[in-house]
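Undergrad: quick one, fold the following:
(one chain, ligands or ions: 2)
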Amino acid sequence: MSAQPSSQADRFSLSTPNRDAVDTVLARVVREAAALVRPSVVAVWIADETARSLKLGAVGGDPAGRLPITALSFGQGGVGWVAATREALEVDDVFADLRFLGRHWWRSHGLSSFLGLPLVLEDRLLGVLSLNGSRPLRMTEGERDRLAGLINQAATALLGTRLDAETAAQRQEGAARRAALAMPLQFEELLVRLSSTFVRLPSHEVETAFATSLQQLGHFLELDRVTLYRFSRDAQEFVVVHSWSGPGVMPVPPRVTVSQEFPWSVSQLLREQAVGFSHPEELPVEAFRDAETFRRRGVRSNLAIPMMAGARILGCLAVATLTVERVWPDELVQRLRLVGEVFANALAQKEADDNLRESELAKSAILASLSSHVAVLDREGQIVTANESWMRFARANGWLPQAGVGTSYLDVWRRAVGDDATHARDVLAGIEAVLDGSGASFALEYPSRVAGGERWFTISVVPLRVPKGGAVVSHTDITERKLAELEAQRSRHELAHFTRVSTIGALAASLAHELNQPLTGILANAQAAMRLMEAGSPDLAEIRSILSDIVDDDKRAREVIRRLRSLLRKDAAQFSLLDLNGLIRDVAKLLSSDTIIRNIAVRLELDPDPLFVNGDSVQVQQVVLNLLLNAMEAIAECVGDGRTIVVRTKIEVETVHVSVQDAGMGLQQGTEQLVFEPFYTTKPSGLGMGLAVSKSIIEAHGGRIWATDNALRGATFHFPLPVGV
Ligand SMILES: Nc1ncnc2c1ncn2[C@@H]1O[C@H](COP(=O)(O)OP(=O)(O)OP(=O)(O)O)[C@@H](O)[C@H]1O
Ligand SMILES: [Mg+2]
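TA: Ligands and ions are numbered 1, 2, ... in the order given. Presented below is the predicted three-dimensional model:
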C-alpha cells in the first residue's frame, strides 16, 4: 500500500525552497510507520504554534482514503489533544473516549484505536504523528524504537523548514526595516535636490525643472503618474501645469472641471487636507463622483497633496498607480507635502515673474505705441527709458547723444539755459519741481527751432508713482494745432476789423456831422477874422479869440479823426494798461452826434476812480461800441424817458464790472445765449456778428459776457474784466 498524498490545496503551504524535500521525508515517514502497524492509517500533522492550529502534512497506510478533517485547532480531537499537551496519547477504543471526533469515519473504516505522538525538537512543537488502528496497538520494543526514529526524521525535516521560513521572514522583515529606515534618508536627499534646483531658477527654466522633478519622483516612488495641478482663478478648474506618466501610461487630460469630476477631493484639498486611497472603494459615499472618475480613468491608488505657497493654496500634487495597489503611509504624505511646498513656491515665483514680464511687455508696448516723444526719468533726472518716437525725434534733431538713454535730461535743459533759450529756465524749474516733489506736474507750450523750421511743442512732466521716484516727460508736436489756432485768431482779427469798418460805415453820417461842426466853425471863424482884418484898425483881441476858437475847433476835428483812426487800425492786438472809464467816455463821444440825431441820451454812471484793466484798447472800444449801438437800435422804437442808455462801471473785488442798460424791447425769450452766436440777428440789415465778436474779445481778455432782461423794460449786457496790474 502506498501513501496517498493529500491534494496540494489542503496542504499547509511552506514557502521555503526545500519544500519538496520535506514532502518526500514526510511521505516516507508515513509509509514506513504504516508498515509497522497493520492495518492502520498514519498521518503527520504540521503544527503552527502561533496560530495554535494543525494542518495535514502527509497521510498514508491502509485502509486508504482521505481523512475527513485536514485542519484542526490545538485541543481538537486526539491529534489536537496531543498538540495541546505535547504528550503522547494512546487510546484502545476511541468510541469510549469523548475527545475523539468523526466517529462515523472511524466506524466506516473499521478503525478504533489511536496513537498520537508529538513531534518536538529544541522545545518546539513541530507537529503530531497519528496512527489509527483497527485494534489496540501493541507494539514491540523494536517497533517503538523504529517509530521513534521516524518521528525524529519527521521532526528534523519540519524543524529545518520552520527555521528556513523564519530566516526568510526575518530577512524580509530586516530588508523592510532597512528600507523603511533608508527611505526618509533618500527622500531627504531628493527633497534637498529638488529645493536646490528651484532656488533662484530663472522662470524659463522652471518648466524643465518640473519635468525632471516629477520624473524623479515617479521613479523613486515607483508610481505610474505624477501630476502638478493648478487651480484656475475661480477654482472651477484644475489646469495641468506638468505631468509625468510612466511607460505605456496614458497622459492626463490638460484640464479638469472640478465640479463634475472631483468635487469632493477638491473640497478636501481646499481645506488643506490630503486625499489618498488604495482603491477607489475606500472613498466615502459622498465622494461617489470622484470615485467614478478615478475608476473611469483606471486609477487604482491615488494620493493628492494640497500645494501650498505660504498660506495660499495653488493646486495639488497628485501621484497615482494604475496597475498595483499602494498604501500611502503618513510619513510619505508628510514628505510629499514638503515636495508640494517646493513646487508651489517655484510655481508662485514663476507666475509672479511671468506677470511682471507681461506687465512690463504691456507697458513697453503702450510706450512704443504713443506718438508723443516719451521718456522716463529717474529721481536724478537721468533718462531711464525712452520710446521709439523719442529716439527717432532725438536722432532727427541732433539731440543724441545728449538726450539718449543714460544721459541727464536736466543737463539738456541746463545747456539750453546757457544758450539763452527763452523758455528753458521755466522748463528746467518745472522738471526739477516734479522730481523733488514740490510740483504736482508741469506743462508748457513753446516754439522751438528744429530741423525743418520752427515748430511748436508742449512738454508735460508728471511724477512717476514708484517708491524710487522719478518722472515721465512727454513732448508732443503741436505745430498743426498751433497753426490752426493762430489761423483762427487771425480770422477773428480780420472779422473784428471788418465789423469795425462796417460799424464805422454805419456811423459815417454822424461822423461827417461831427467833423462838419468844427470845420464849419473854423470856416466861419476864419471868414470873421478876415473881415476884421479888412477893417482899418482890426481888433486884435477879437482876432486872437477867433484864432483860439479856430485852434479849438481844429483840435476837436483832430480828436474825431484820432478816434476814428484808432478804431480802423488793423494792428495785431497790443495789451496795455487801460483806463476803462476814459475808454468808455471816448466811445460815447464818438457816438455823440449819432445820439443827438436819434434823440437818445447816453448816461455814464462811472466809478469815480480810474479803473484799470489789461487789454487792447481798440478791441475793448469795439465791445463798448457794439453794445451801445445795439442798445440804440433796441430803443429806436421807444418814446419819452425810455430813450436813455445807462453805462455803469464799478469795481468788484478783483474785477471791473461794466454794464450797458437800455429800455428797449428787451431780448426775445430764450435767446440769452443765442444772441452771442455768430450770424444771429433779428435786424433786416444786421450781420449778427456784433455780440459774437464782443464775446470772443472779452474771453480773450479773461472776462465773461452775458445778457439779462430788465425787470421793467429792455435788456442789460454785463461784462466783468480782471483788474489790471
Ligand atoms: N440791447 C438789446 N436789446 C434787445 N435785443 C438785442 C440787444 N442787443 C442785441 N440784441 C439781439 O441780439 C441780436 C444779435 O446782436 P448782434 O449785435 O450780434 O448782431 P446785430 O446787431 O443783429 O447785427 P450787427 O452784426 O450789425 O451788430 C440782435 O439782432 C438782437 O436781436
Ligand atoms: Mg449789433
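Undergrad: SS state for the residue in the stretch 151-300 of the chain that ligand 1 sits nearest to?
TA: Minimum separation of the stretch 151-300 of the chain from ligand 1 (Cβ to the nearest ligand atom) falls at Arg233, amounting to 63.1 Å. Every residue, glycine included, has its C-beta placed from N, CA and C. Judged by DSSP: H, G, I helix; E, B strand; the rest coil, the three-state class of Arg233 is coil.
Undergrad: one more: Ser438?
TA: coil.
Undergrad: which residues in the stretch 301-450 of the chain form helices?
TA: Secondary structure of the stretch 301-450 of the chain (DSSP state H, counting those that start in this stretch): helices at 330-369, 388-396, 409-418, 424-435.
Undergrad: so which of those helices is nearest ligand 1?
TA: helix 424-435 (39.4 Å).
Undergrad: taking helix 409-418 as reference, get the angle to that closest one.
TA: Helix 424-435 and helix 409-418 are oriented at 160 degrees to each other (axes from the mean of the first three to the mean of the last three Cα atoms, to 10 degrees).
Undergrad: so what's the gap between helix 424-435 and the chain middle?
TA: Its chain's C-alpha centre and that of helix 424-435 lie 35 Å apart, by Cα atoms, centre = their mean, to the nearest Å.
Undergrad: check which residues of that helix are buried.
TA: 424, 427-428, 430-435 (16 or more other Cβ atoms under 10 Å).
Undergrad: repeat that for stretch 43-56.
TA: By 16+ other Cβ under 10 Å, the buried positions in stretch 43-56 come out as 43-48, 53-56.
Undergrad: from those residues, which land in strands?
TA: Counting by DSSP state E, the buried residues of stretch 43-56 place 43-48, 53-56 in strands.
Undergrad: got TSV for the residues you listed, with pLDDT too?
TA: TSV is the format used below for those (pLDDT from 0 to 100):
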residue	pLDDT
Ala43	91
Val44	92
Trp45	93
Ile46	94
Ala47	93
Asp48	90
Ser53	91
Leu54	92
Lys55	91
Leu56	89
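Undergrad: so which of those also contact ligand 2?
TA: Among those, no residue lies close to ligand 2 (Cβ under 5 Å from the ion).
Undergrad: right, and the pair among those residues with maximum separation?
TA: By the measure Cβ to Cβ, Ala43 and Asp48 form the most distant pair in those, at 16.1 Å.
Undergrad: OK, contacts around Leu117?
TA: Leu117 makes contacts with 82, 88, 128-130, 147, 151, as judged by Cβ atoms under 8 Å, 6 or more residues apart in numbering.
Undergrad: measure it to Leu464 for me?
TA: 103 Å (Cβ to Cβ, to the nearest Å).
Undergrad: circling back: okay if I get the buried residues of stretch 43-56 as TSV plus distance to Arg171?
TA: Shown next, in TSV, are the buried residues of stretch 43-56 (distance: Cβ to Cβ, whole Å):
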residue	distance to Arg171
Ala43	32
Val44	27
Trp45	28
Ile46	22
Ala47	23
Asp48	20
Ser53	25
Leu54	27
Lys55	24
Leu56	28
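Undergrad: ok, so of these, who is nearest Val473?
TA: Using Cβ to Cβ, these come closest to Val473 at Asp48, 93.4 Å.
Undergrad: pretty sure that closest one sits against Gly57.
TA: No - Asp48 is beyond contact range of Gly57, at 11.3 Å (criterion: Cβ atoms under 8 Å).
Undergrad: elements contacting the longest helix along the chain?
TA: The longest helix of the chain (DSSP state H) is helix 141-198. Where contact means 3 or more Cβ pairs under 8 Å, 6 or more residues apart in numbering; DSSP states H and E, helix 141-198 is packed against helix 19-36, strand 113-121, strand 124-133, helix 203-220, helix 330-369.
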